[in-house]
Each structure stands twice: as C-alpha cells, then as structure tokens.
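**Q** what shape does this take:
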Amino acid sequence: MPDYALKSSGAAVIHSKTSPSFQNTKGKYFLYSLPVLDYVRSPELILEPENHPGNCWPFAGGQGHVFIKLAVPVVPRAVTMDHVSGRTFHRDSISGAPKDFAVYGLKEEHEEQGTFLGQFTFRAVLNPSQTFQLKNEPSVLVNYLRLQVLSNWGHPDYTCLYRFRVHGDPPQDGGKVPGSSGNKRH
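**A** As a prediction, this is how the structure comes out:
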C-alpha cells in the first residue's frame, strides 16, 4: 500500500499545529562542561521509514497531536502505526508507545476540527506494525491529516511515536474522487 505521509514523497509536518517535542535534559551536549545544545527530536521522524530503537518523535505526557500535510490529496482508507521492532525494545519502550488514538482528515490547513475518521487502540506489544481501516471514510479528497494520541501504555513522562503512514486513493484522471460515481461502497 502506498504511503501518502512519506517525507521523501513530499509529505510534511506542520509544526505550528503539532505538539512540542519532549526535551530530554539528560540528552544535552556539553563543551568544556558547559551545555551547548538540547537534543530534541523532530516530529518529521514519523514520516521516515527508518525504524530502530530511539529513532522516534517524543512528546510530553500521554496526549499529543501531529498535523501532517500529505504528499498528494487522497481519499484516506487506512493508517498504519509502527513501533520499534525486534528484541531490542524493553519495558520503557512499550510504556511510551501510543495506545489510543484518533484520526481526522482536513481539506485545508486552517480547518479547526476536520472530519473524524476513527478512533483506534495500538497494541504495540502484540505487533509493532498495525494497519487500521478508517471507519468514517470521507467521500472527498483531504490534503491534511491530524493524528491525535489520546493515551500511551503508562509512561509518565512522554510518548514516543516511531512511524505513521496514511493509505488511500489519489485522484483519478481528471481529478475525480475515487468511488464518487454515485455508487455507495459497502
């Protein structure tokens, strides 16, 4: 399934509409015992395919959101959430994984709410990569998607999101919306 939230294809995070990154004060860089830089991971990481321990976007607490400009307008059909895979993850990794989340589709950047596309539970301990079929598919193309993380698996300080993908149908030839010929999908 193509990923329309892939950075290398043109997708981007709208930082002004996204939760701030968690700042780990233990991750400061020092030069001659003086702090020179706080190490802060960008939310753009969730739009990239690299998935190894620590290569995630952390935000403070158990709730946060990210606003994504899709690579092309699509009728969204599903989303995939990924967490670190393999034997290298540990208890803190799972407790910091997103748990409950909601997804909204928006045509314009300035829209406040958008169209509710569904609410899901990510069970990272069962499978580090899970695809969720959207429950309320819009019949129109969306240019933006908002991922609203509602809770994590218990970490008190932060939630760490590794990757988020968006799947759907791009416009057909002539700009027509897929499935809009008057036939209702069941």
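**Q** so what pairs up with the residue nearest to the spatial centre of the chain in the strands?
**A** By CA atoms, centre = their mean, the mean C-alpha position of the chain lies nearest to Phe164, the distance being 3.8 Å. Following DSSP bridges, Phe164 is listed with bridge partners Met81.
**Q** pretty sure it is touching Val79, no?
**A** Yes - using CB atoms under 8 Å, Phe164 is in contact with Val79, at 6.7 Å. Yep, even glycine has a C-beta here, placed from its N, CA and C like the rest.
**Q** common neighbours of these two, please.
**A** Shared contacts of Phe164 and Val79, defined by CB atoms under 8 Å, 6 or more residues apart in numbering, comprise Leu147.
**Q** on that earlier part again, the residue nearest to the centre of the chain: what's it in contact with?
**A** Contacts for Phe164 (CB under 8 Å, 6+ apart) come out as Ala5, Ile46, Leu47, Val66, Ile68, Val79, Thr80, Met81, Asp82, Leu147.
**Q** if we go to 6 Å?
**A** Contacts for Phe164 (CB atoms under 6 Å, 6 or more residues apart in numbering) come out as Ile46, Met81, Leu147.
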